[in-house]
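>>> predicted model, plus sequence, below.
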Amino acid sequence: MNGLELSHGYYETYGKAMLENDFADVLPYLAVGFVGSGSEHYGFDDEVSRDHDYEPGFCIFLPGEDVVDRARAFQLERAYAKLPKEYCGVKRLPISPVGGNRNGVIRTADFYTAAVGSPDGSLSVQEWIHIPDYALAEAVNGEVFFDHYGEFSKIREGLMEMPNDIKLKRIAGNLLIMAQSGQYNFVRCLQHGEPEAAQLACVEFVNSAMKVLFLLNGRYMPYYKWSFRALQQIDSVSGLVRKLSFLLFADHHDPALAEQKCSVIEEIASRIITELQARNLTNAICGDLEKHAYSLNDMIRDSTVRNLHILASIT
């Protein structure tokens, strides 16, 4: 049972009755779910990751004190703390008296401030440009079990996909990095007799390629530990995952493998260029990712965003 399933089961078994029986007056203003940082919120936790933060628990999201006052929030905290200490053979973790817990009673504004730096999810153009993909992924992952008030889900839905111009800027920047690292520097590093630098070039290429694939599929790339797991869930790119993995694992000390890596880099570039052309996101007609990066950047409607350095949104 992964953390998300454990959380949902614990809520249905104990939390739901507690809220309905003892907090019927504020229930219409609450949201309950399991969202935030950690592999368990993506459904990626396993036996290894369960040495920390694995417990039966859930989040109760509250609106501001003008709707649910501090006294009622405190009563909710105490009721949550008194829920059974074990579920399905898994024990709950001690509740920290100074906060920092991932589960329990949380103000919606506090959650989103911690996640994206804004209590209501409103982000300026500059904030959108600089916020990392993994932070956005943490803000919208997991599952909302119910939201009677709608405030939490409205903010969540507003963050699900970044504004199109910001997305294009981020794709353009990552295309340029792919061009520099994969199509240019990888071979040059090998020619210089620097296999370590060549491998770093591969890592840069793979990282940027993955970000592009996530963005083209309306997803945010999570923290690097879970990025390959998450990419494998996108059916349309399943054929590229093995190629990206090859670039990281294959030993380019072998000239034949080094040459094969060059071919794989061009295969991945070609697949992405074909997708860009199919979506009318580039006017360039060539295999050079750098030219496609600048062509895509020219598609940005907001002149302020378009005229920023092409790497301005790279995080």
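Nice, thanks for sending it over. Computed from a prediction, not measured in an experiment: that's the story for all the values here.

>>> buried set for stretch 302-314?
Residues of stretch 302-314 classed as buried: V305, R306, L308, I310, S313, I314 (neighbour count, 16 or more other CB atoms under 10 Å). Every residue, glycine included, has its C-beta placed from N, CA and C.

>>> how long is it from one end to the other?
18 Å (CA to CA, to the nearest Å).

>>> give me the contact list for it.
Contact with stretch 302-314 is made by 125, 129-130, 165-166, 169-170, 172-174, 176-177, 293-294, 297-298, 300, as judged by CB atoms under 8 Å, 6 or more residues apart in numbering.

>>> which of those residues are buried?
129, 165-166, 169-170, 172-174, 176-177, 293-294, 297, 300.

>>> identify the farthest-apart pair in those residues.
D165 and I177 (19.2 Å; CB to CB).

>>> which of the contacts of stretch 302-314 fall in strands?
Per DSSP state E, strands hold no members of those.

>>> from those residues, which land in helices?
125, 129-130, 165-166, 169-170, 172-174, 176-177, 293-294, 297 (DSSP state H).

>>> so how far is Q183 from the spatially closest residue to Q199 that is not a sequence neighbour?
Of all residues not flanking Q199 in the chain, H252 sits nearest, at 7.2 Å (CB to CB, 6 or more residues apart in numbering). From H252 across to Q183, the span is 15 Å (CB to CB, to the nearest Å).

>>> please apply the same query to E20.
59 Å.

>>> which one of those two is surrounded by more residues?
Q183 (19 against 10; other CB atoms under 10 Å).

>>> show me the contacts for the more buried one.
Q183 touches I265, E266, A269, D288, L289, E290, counting by CB under 8 Å, 6+ apart.

>>> show me the shaky parts of this structure.
46, 48-53, 95-101 (pLDDT under 70).

>>> and the spatially most central residue of the chain, what element?
Geometric centre of the chain, nearest residue: A137, 2.5 Å, by CA atoms, centre = their mean. Using DSSP states H and E, A137 maps to helix 133-140.

>>> can I get that helix in CSV, CA atoms only?
Coordinates of each C-alpha in helix 133-140 appear next as CSV, following Å, rounded to 0.1, in the frame of the first residue of the first chain:
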residue,chain,number,x,y,z
ASP,A,133,9.0,23.1,-12.2
TYR,A,134,9.3,20.8,-9.2
ALA,A,135,7.7,23.4,-6.9
LEU,A,136,4.7,23.6,-9.2
ALA,A,137,4.6,19.8,-9.3
GLU,A,138,4.4,19.7,-5.5
ALA,A,139,1.6,22.2,-5.4
VAL,A,140,-0.7,20.2,-7.7
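
>>> quick one: the next helix or strand after that helix to chain centroid distance?
Next in sequence after helix 133-140, counting helices and strands by DSSP H and E, comes strand 143-147. Between the centre of strand 143-147 and the centre of its chain there are 19 Å (CA atoms, centre = their mean, to the nearest Å).

>>> kindly report the same for stretch 140-152.
17 Å.

>>> just the terminal-to-terminal distance for that stretch.
End-to-end for stretch 140-152, by CA to CA: 10 Å.

>>> and if you look at stretch 119-127?
13 Å.

>>> residues of that stretch that come out buried?
Those would be P119, G121, L123, for stretch 119-127 by 16+ other CB under 10 Å.

>>> now E266, nearest residue through space, not along the chain?
G287 is the one closest to E266 (CB to CB, 6+ apart), at 6.9 Å.

>>> sorry, wrong one. I was asking about P119.
Nearest one to P119, counting by CB to CB, 6+ apart, is A109 at 3.6 Å.

>>> now swap in Y29 and tell me
With sequence-adjacent residues excluded and distances taken as CB to CB, 6+ apart, Y29 is closest to Y149, at 4.6 Å.

>>> OK, contacts around that neighbour?
P28, Y29, L30, A31, P63, V67.

>>> and the fourth one, how many residues sit next to it?
Read it as A31. 24.

>>> many thanks, we can stop here.
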